[in-house]
Structure formats: structure tokens, C-alpha cells
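> Need a 3D model of the following:
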Amino acid sequence: MQPMKRPLEPSQTGLHRVVGLTDGVFAIALTLIVLEIRVPAHEAIRSEHDLLAAIAALAPRFLTYALSFLTLTIFWFGQQAQHGLIARSDRRLATLNLCFLAFIALLPFSTDLLADFLEFRTAVLVYWLNLLMLGVTLSASWHYADKSGFAAEDLDAETKRMVYLRIVKAQVLWAVGAALCLISPLLSVGFMLVVQLVYAISPRAALVRKIIG
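Just a heads-up that it's a prediction; the model follows:
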């Protein structure tokens, strides 16, 4: 009979549980961001024009929904890719992953804030800070896994470097987008939406690949 592993000892089972929890949190976050787009109140609609006007008034929410849907897609792919490169997990790595998930769970709030106050720089900066902390915690998880020897044995140094580089490049682009709120908050959101779309599509053009990593 094999001895029971202590919580801090690395294991594949621990990694599988983190992956399962991650999928659950992402699923909830994806659901919550769409729930903020509410159907116009029936009693306020008296004509086709009223309905069209009510739908048009929801434009900021559709915009921020698209932005956050792409954000969640990108980070889900990013963490799944990391999990594919990690062979084992321990309690410390699981805790770092939970920190990452805490900021995923916060995204519906920052999305709702941005939709309600799209014309304010503060709302854009709060949203950007959410993206920044997602990048920081994702990078910290990979750094710990790499330094602790949890990465797959056949993983080469170039692949490890590319994981860091891709996170950094994304954060730089989002920081540029956040800085654009000094000109116009809407311009800032539009820029970040384009960045998210490029990462989600992941085009094969050499120049684009060089920029996004």
C-alpha cells in the first residue's frame, strides 16, 4: 500500500483538480457577463421605434460583452496551454491558480462597470487593471511551475521562454490600449477589442505573429 501524499507534494491528481475547477469558474464568468444584457422592459415599448431605440441603448453592453467574451477565451486558451506543459501540481501552484481564477471571477464586475461608465477613464483603467492582474497571476503560476521542476520533462528552453514572452506582449498591447483612454475611453476600448480579436483568431501572418508572440 502506497503512503498517502501530503498536500504540498506534487502530483498529477492535483493538476487535474485545478483544471476541472478552472473550467467551472470560466463557465460561470462567461454566463455572468451575458446576464448583464437585459431585454428592454415590455411596458416601456409602445412601437417599433421604441424597441429599436431600446436595443440601440444596449450597444455599450454588447460592446463590453464582446470584449470580455474574447478576454475569457484568450485566458482560457492561455491557461489550458500552460496546463498542457505542466506535468504536476502542488498546493502552492494550486493557490497561484486560485489567485488567477479570483481575477477571472472579478471580470463580470469590471465588464459591468465599463458598460455603465464607458465614457469615463476610470472605468477603462479598472478593466485594464483586471487584465493586468490576470497576466501577473498567470505569469506567476508559470514561473513557479518552471522553477519547481513541474514542467514536462521534454519541454525545451525556447518553449518556456515563449510562454513568458506571449504574456508580456499581450500586457504591453493592453497597456497601450489603456493609455489611449487619455485621448478617448471609447478609442481605448476599441483598441483592446481589436487586440483581443487578433489573439482569439490567431492569424498566421508573419508580422502579426511576431507582434503577438
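> quick one: the helices in the chain?
For the chain, helices defined by DSSP state H occupy the ranges 12-35, 48-57, 59-85, 91-116, 121-147, 157-179, 185-201, 206-212.
> buried residues in stretch 156-169?
Judged by neighbour count using 16 or more other CB atoms under 10 Å, the buried positions of stretch 156-169 are 160, 163, 166-167. From N, CA and C alone the C-beta is placed, and that goes for glycine too.
> Could I get the average pLDDT for stretch 87-106?
The average of the pLDDT scores along stretch 87-106 is 90.
> circling back: reformat the helices of the chain as TSV; add distance to residue 42.
TSV is the format used below for those (distance: least, CB to CB, whole Å):
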stretch	distance to residue 42
helix 12-35	18
helix 48-57	10
helix 59-85	18
helix 91-116	22
helix 121-147	29
helix 157-179	38
helix 185-201	30
helix 206-212	44
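> between these, which has the poorest average model confidence?
Looking at those, the lowest mean pLDDT belongs to helix 206-212 (a mean of 57).
> circling back to that earlier point, redo the buried residues of stretch 156-169 as TSV? Include distance to residue 48.
Output for the buried residues of stretch 156-169, formatted as TSV (distance: CB to CB, whole Å):
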residue	distance to residue 48
160	58
163	52
166	47
167	48
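> about what we covered before: let me know which of the helices of the chain is the nearest to residue 41.
helix 48-57 (8.2 Å; CB to CB).
> Any idea how far that closest one is from the middle of the chain?
With CA atoms, centre = their mean, to the nearest Å as the basis, helix 48-57 stands 32 Å off its chain's centre.
> Likewise for stretch 158-176?
For stretch 158-176, the distance from its own C-alpha centre to the chain's C-alpha centre is 14 Å (CA atoms, centre = their mean).
> Begin at 26, not 1, for the rest of this chat.
In the new count, where the first residue is 26, that last one comes out as stretch 183-201.
> CA atoms of that stretch as CSV?
Output in CSV follows, covering the C-alpha atoms of stretch 183-201 (Å, rounded to 0.1, in the frame of the first residue of the first chain):
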residue,chain,number,x,y,z
GLU,A,183,12.7,28.1,-26.1
THR,A,184,9.1,27.0,-25.4
LYS,A,185,9.4,28.1,-21.8
ARG,A,186,10.7,31.5,-22.9
MET,A,187,7.8,31.8,-25.4
VAL,A,188,5.2,31.3,-22.7
TYR,A,189,6.6,34.3,-20.8
LEU,A,190,7.0,36.4,-23.9
ARG,A,191,3.4,35.9,-25.1
ILE,A,192,2.1,37.1,-21.7
VAL,A,193,4.4,40.1,-21.7
LYS,A,194,3.5,41.1,-25.3
ALA,A,195,-0.2,40.9,-24.6
GLN,A,196,0.2,43.0,-21.5
VAL,A,197,2.1,45.6,-23.4
LEU,A,198,-0.6,45.9,-26.0
TRP,A,199,-3.3,46.2,-23.4
ALA,A,200,-1.3,48.9,-21.6
VAL,A,201,-1.2,50.8,-24.9
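> Cool, thanks, signing off.
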